[in-house]
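Trainee: got a sequence here, can you model it:
(one chain, ligands or ions: 1)
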Amino acid sequence: MKLVLDTANLDKIKDYVTYLPVEGVTTNPSILKKAGDIDVVERLNAIQEVIGANKDLHVQVVAKDYEGIVKDAHAILDAVNDRVCVKIPVNKEGLRAIKTLKAEGVRITATGIYSKIQALLAAELGADFLAPYVNRMLNLDTDPYEVISSVSYQLARTNSDTEIIAASFKNINQVTSALEAGAQYITVGDDVVDKFVENANIQKAVSDFSADWTAVHDRESFV
Ligand SMILES: O=C[C@H](O)COP(=O)(O)O
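Mentor: This next block holds a predicted model:
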């Protein structure tokens, strides 16, 4: 499992890198909105510094038309660094932009994926990552795991270098199910990340072990 953080909260990212196998960070305009009225370029550069230059930072374009998307992509690469994966929603304008930007060698994360056909088209145009929206598909009565599994099979069958970075999670079961379906990466918001190893049963087990030890030995550590 390759874990990516779907947040722009710098304090949380600083904390997560101390105990989680963080492979990167994804953002989009809605995630950046949660961070408030920040200097976005400054924040993105700070995030890259915290995760390390060799980890992937995915930054989404804002413009909706082809020319604007290509311009946004260049602006993001200039403002942050040329390794950034530019996130582009998969619609007609987005696919046109992916085609142009891949010809320039730009790393692309195809996002806003609700269907197999979106994923397969973006992969065929050379997108580096595909971001199927798990919870949003479930809300629409689409089985995201069947989509991921089928796309994963097609990518393997065609020896594609494109990888799946499943997104849009509301709980841990969705995360593990997406991985079981074939996603190589999962990008998870801090609301769900915070629950990974924080539950009352884990804390109770730790407390019980500690109580059993101190009942016999007059100290709270091994030595
Ligand atoms: O970048 C895409 C997000 O992972 C979508 O997540 P959301 O459905 O919680 O907005």
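Trainee: for the spatially most central residue of the chain, helix, strand, or coil?
Mentor: Centroid-nearest residue in the chain, with C-alpha atoms, centre = their mean: residue 187, separated by 2.6 Å. What DSSP: H, G, I helix; E, B strand; the rest coil gives for residue 187 is strand.
Trainee: I'd like the distance between it and residue 96.
Mentor: Between residue 187 and residue 96 the distance is 25 Å, computed by C-beta to C-beta, to the nearest Å. Any C-beta I mention is one placed from the backbone N, CA and C, and that applies to glycine too.
Trainee: mind listing the strands for the protein?
Mentor: 2-5, 22-26, 56-60, 85-89, 108-113, 129-132, 163-166, 185-188 (DSSP state E).
Trainee: pick the most buried one from those strands.
Mentor: Mean neighbours per residue, mean count of other C-beta atoms under 10 Å, is largest over these for strand 129-132, with a mean of 29.
Trainee: and it, how far from the chain's centre?
Mentor: Distance of strand 129-132 from the chain centroid (C-alpha atoms, centre = their mean, to the nearest Å) equals 9 Å.
Trainee: residues touching that strand, excluding its own?
Mentor: 26, 58, 85, 87, 108-114, 119, 122-123, 144, 147-148, 151, 162-167, 178, 183, 185, 187 (C-beta atoms under 8 Å, 6 or more residues apart in numbering).
Trainee: contacts for stretch 10-27, please.
Mentor: Here stretch 10-27 has contacts from 1-8, 43-44, 46-47, 50-51, 55-60, 87, 109, 131, 165, 167, 185, 187, 190, 193, 196, using C-beta under 8 Å, 6+ apart.
Trainee: stretch 46-62 now?
Mentor: 4, 8, 10, 13-14, 17, 22-29, 44, 68-69, 72-73, 76, 80-81, 83-89, 97, 107, 109, 111, 129, 165, 187.
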